[in-house]
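Peer 1: Structure of the sequence below:
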Amino acid sequence: PSSDSRRQATACAQSIKTSWNILVWHRTKRFAPPVGELPRRRHISNAKMCETVLCNCAGRGSAGARFAWSNPQRCCLRKRQRPRTSRLSIAPNLGVVELTVALHRVFNSPIDKIVFDVSHQTYAHKALTGRAYTYIDPKRYGEASGFANPDESEHDLFAMGHTSTSVSLGCGLAHARDLAGDAYNVITVIGDGSLSGGLAFEGFNNAAELDSNLIIIVNDNDQSIAENHGGMYENLKLLRETKGQAECNLFKAMGLSYVYVDQGNDVTALIEAFSQVKDSKTPVVVHIRTLKGKGYAPAEKNKEQWHY
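Peer 2: Next up is the predicted model:
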């Protein structure tokens, strides 16, 4: 990516995190704001600036997002049916800001299909697809639901909330695309915590025989809600320690191509990795190492407490 592209993507990610810091302070106040970490109330007046940065970033990376920003009423189809959220899921969302910016930079949602497992980490995705108002306008906090919701936007494909489903859903989308003779990318985002669910294994098993485009992004922050436990996580640890070079590789053993990104909170590194696998002709796993709660010290230190 060009230097201008890098700067814009980085500014976009920082703008999202600034907006969420405002949201944390006004909605929870569970901790006293650390000096220099949380914006003061006067920064609310910068909401329009944040919105402009988000708009520019989404518009350059996604035709669908451009449409969403220019037609906000089309992104909020059933406002009356949207529940107000009581949980913030701050740590999961802060950990994938760069990931989400890179996704919308490289891929063309909603033509390319993006599915988030559980979908409790979709706030950046929502901000980039016409719903930033729910994070930067105090009067509209909670107007967007806490999970993916097709009633809100064409960029949300399923009403999600359960763990371990994204890879199987991605397989279904890919099969439907192939049967229809279409050509677009199907991208699924699944966290390491969700990998231990049986349906996730079913999805990986089916993906290995797909023989067409399916990009599976494994967001590995070495954390579920709490600590991860089980034999599979020893292999993930080995892959992190060897930067994906270990001979014993769970994903390769299942017949899938594999790419490792050690700097999973680096927008530029993610853009390069996603560009590499875009339009792939076979299923591929992009294993990225991220930090849960990235950018907000209390969430980085107390990952489980700030999961909610």
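
Peer 1: Spell out, range by range, the strands that occur in the stretch 51-200 of the chain.
Peer 2: With DSSP state E, counting those that start in this stretch, the ranges of strands along the stretch 51-200 of the chain come out as 113-116, 186-191.

Peer 1: Deepest-packed of these, please.
Peer 2: Neighbour counts (mean count of other CB atoms under 10 Å) averaged over each of those peak at strand 186-191, with a mean of 27. (Each C-beta comes from the backbone N, C-alpha and C, glycine too.)

Peer 1: what is the rounded mean pLDDT of stretch 271-282?
Peer 2: Averaged across stretch 271-282, pLDDT comes to 97.

Peer 1: got the contact list for it?
Peer 2: 1, 5, 9, 102-103, 105-107, 185, 210-213, 215, 257, 259, 261, 284, 286, 288 (CB atoms under 8 Å, 6 or more residues apart in numbering).

Peer 1: what's the weakest-modelled helix or strand in the protein?
Peer 2: Lowest by mean pLDDT, DSSP states H and E among the helices and strands of the chain is helix 72-75, with a mean of 34.

Peer 1: Could you list the low-confidence segments of the stretch 51-200 of the chain?
Peer 2: 51-88 (pLDDT under 70).

Peer 1: wait, the stretch 201-308 of the chain
Peer 2: Ranges of the stretch 201-308 of the chain meeting pLDDT under 70: 223-229, 299-308.

Peer 1: What segments of it are helices?
Peer 2: With DSSP state H, counting those that start in this stretch, the ranges of helices along the stretch 201-308 of the chain come out as 231-241, 250-253, 267-277, 297-301.

Peer 1: Can you spell out which helices and strands pack onto the shortest one?
Peer 2: Under the contact criterion of 3 or more CB pairs under 8 Å, 6 or more residues apart in numbering; DSSP states H and E, helix 250-253 touches helix 231-241.

Peer 1: Show me what the helix it packs on is packed up against.
Peer 2: helix 250-253.

Peer 1: Just the buried residues of the helix it packs on, please?
Peer 2: 250, 251 (16 or more other CB atoms under 10 Å).

Peer 1: Helices of the stretch 51-200 of the chain, residue ranges please.
Peer 2: 63-70, 72-75, 90-94, 97-106, 123-126, 133-136, 166-180, 198-207.

Peer 1: can you tell me which of the ones you listed comes nearest to residue 267?
Peer 2: Between residue 267 and those, the shortest gap by CB to CB is with helix 97-106, which sits at 4.6 Å.

Peer 1: Output the closest one as PDB, nothing but the C-alphas.
Peer 2: Taking Å, rounded to 0.1, in the frame of the first residue of the first chain, the C-alpha atoms of helix 97-106 are listed here in PDB:
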ATOM      1  CA  VAL A  97     -10.000  -2.600  14.900                       C
ATOM      2  CA  GLU A  98      -7.000  -2.900  12.600                       C
ATOM      3  CA  LEU A  99      -8.200  -6.200  11.300                       C
ATOM      4  CA  THR A 100     -11.600  -4.700  10.400                       C
ATOM      5  CA  VAL A 101     -10.100  -1.600   8.800                       C
ATOM      6  CA  ALA A 102      -7.900  -3.800   6.700                       C
ATOM      7  CA  LEU A 103     -10.800  -6.100   5.700                       C
ATOM      8  CA  HIS A 104     -12.800  -3.200   4.400                       C
ATOM      9  CA  ARG A 105      -9.700  -1.700   2.700                       C
ATOM     10  CA  VAL A 106      -9.000  -4.900   0.700                       C
END
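
Peer 1: which helices and strands sit right next to that helix?
Peer 2: Going by 3+ CB pairs under 8 Å, 6+ apart, helix 97-106 lies up against helix 3-27, helix 47-61, helix 123-126, strand 186-191, strand 214-220, helix 267-277.

Peer 1: Could you export the helices of the stretch 201-308 of the chain to TSV, including columns for distance to residue 149?
Peer 2: Shown next, in TSV, are the helices of the stretch 201-308 of the chain (distance: least, CB to CB, whole Å):
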stretch	distance to residue 149
helix 231-241	30
helix 250-253	30
helix 267-277	25
helix 297-301	24
